[in-house]
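**Student:** A structural model of the following input is requested.
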Amino acid sequence: MVRAVIIDDNHFDLILLQNLLAEIWPELKVCAVCGTVAESIAAIKTHAPQLVFLDTELRNSEKSFDLLDQFPNRDFEIIFVTMHGHHAKLACTYLPIAFLEKQVKKDDLITLMQRFTAQRNGLTPAQVIALMKENEMKVISIPTADGFATVALRNIIYLEAGGNCTILHINSDDKQIVVSLTLGEMEKKLGKTIFFRIHNSYTINCNHVKKYKRGSGGVVTMSNNKELDVSRKRKDDFLRRWERGLYL
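**Tutor:** Alright, predicted model coming up:
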């Protein structure tokens with residue numbers, strides 16, 4: 001999961017950007033939206049984002065550059081989203097990933113998502129695009145009690161151990177498919193990029209995780225609103241994997 005903060009004092013622009021990000025980047029969580037320098041400093045200290053989207057001019061004639069000056073050794077990336085093109089030269093001295101002019105285009109955000117993901121995971125943008133296409137198109141054949149079935153990886157929400165079989169929970173009217181393989185055998189058929197074993201009983205598709213609640217091991221809520229336990233021994237690995245944000 002990639003944590004983000006959006007800094008902009010224009011309500012319409014905030015909604016537009018949030019809607020676009022929700023559509024194209026499900027692994028990104030907007031932790032806070034802010035309109036002033038003080039609000040933004042507090043949000044960044046509280047949420048420790050990896051990515052900050054910000055306008056150059058904020059409420060009460062404030063400038064976001066004053067905010068960035070408070071973080072001389074910042075550990076987050078920045079993307080300027082503004083209609084104030086005359087600030088571009090100064091903005092570039094802060095080494096942003098990009099300087100976008102409003103209104104933001106969907107294709108521009110997709111390119112930025114690929115670039116950011118590549119930087120975080122040591123991949124080239126071309127490799128990120130290839131992984132996205134592979135996981136979008138990949139279909140596997142699985143043995144069932146009465147024959148075989150095919151299923152697209154992107155449609156599998158999670159897998160549940162059932163003794164000598166595995167139950168696939170599919171993103172289609174909460175459909176279930178019982179597979180004549182153990183969970184360990186099923187994992188060998190799955191790409192390692194988007195699937196993760198969180199418990200002896202569960203392997204999840206990380207693209208279908210809605211949220212994570214901390215606890216002894218913690219609990220993930222999936223896209224079908226099913227809550228699944230994360231085992232204590234797998235918690236740290238899961239959180240490290242989640243922080244990387246590579247769920248394509």
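**Student:** how near is the spatially closest residue to Val30 that is not a sequence neighbour to Ala38?
**Tutor:** Nearest residue to Val30 in three dimensions, chain neighbours excluded: Ala4, at 5.3 Å (C-beta to C-beta, 6 or more residues apart in numbering). Every residue, glycine included, has its C-beta placed from N, CA and C. Between Ala4 and Ala38 the distance is 19 Å, computed by C-beta to C-beta, to the nearest Å.
**Student:** so what's the residue count around the closest residue to Glu62 other than its chain neighbours?
**Tutor:** In this structure, Glu62 finds its nearest non-sequential neighbour in Val37, 4.9 Å apart by C-beta to C-beta, 6+ apart. Neighbour count of Val37, defined by other C-beta atoms under 10 Å: 21.
**Student:** contact partners for Val37?
**Tutor:** Applying C-beta atoms under 8 Å, 6 or more residues apart in numbering to Val37 gives the contacts 58, 62-64, 66-67, 70.
**Student:** give me the subset of the residues you listed that lies in strands.
**Tutor:** Among those, DSSP state E puts none in strands.
**Student:** most neighbours of all those residues, which one?
**Tutor:** When neighbours are taken as other C-beta under 10 Å, the top entry among the contacts of Val37 is Ser64 (24 neighbours).
**Student:** just the CA atoms of stretch 223-241, as PDB, please.
**Tutor:** Coordinates of the C-alpha atoms in stretch 223-241 are reproduced here as PDB (Å, rounded to 0.1, in the frame of the first residue of the first chain):
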ATOM      1  CA  SER A 223     -13.000  -6.500  -1.800                       C
ATOM      2  CA  ASN A 224     -16.000  -8.800  -1.000                       C
ATOM      3  CA  ASN A 225     -15.900  -7.400   2.600                       C
ATOM      4  CA  LYS A 226     -14.700 -10.700   4.000                       C
ATOM      5  CA  GLU A 227     -12.300 -10.200   6.900                       C
ATOM      6  CA  LEU A 228      -9.300 -12.600   7.100                       C
ATOM      7  CA  ASP A 229      -6.800 -13.100   9.900                       C
ATOM      8  CA  VAL A 230      -3.100 -12.400   9.300                       C
ATOM      9  CA  SER A 231      -0.900 -14.800  11.300                       C
ATOM     10  CA  ARG A 232       1.600 -13.300  13.700                       C
ATOM     11  CA  LYS A 233       4.500 -15.100  12.100                       C
ATOM     12  CA  ARG A 234       3.500 -13.700   8.600                       C
ATOM     13  CA  LYS A 235       2.600 -10.200   9.800                       C
ATOM     14  CA  ASP A 236       6.000  -8.600   9.300                       C
ATOM     15  CA  ASP A 237       6.600 -10.100   5.900                       C
ATOM     16  CA  PHE A 238       3.100  -9.000   4.800                       C
ATOM     17  CA  LEU A 239       3.600  -5.400   6.000                       C
ATOM     18  CA  ARG A 240       7.000  -5.200   4.300                       C
ATOM     19  CA  ARG A 241       5.400  -6.500   1.100                       C
END
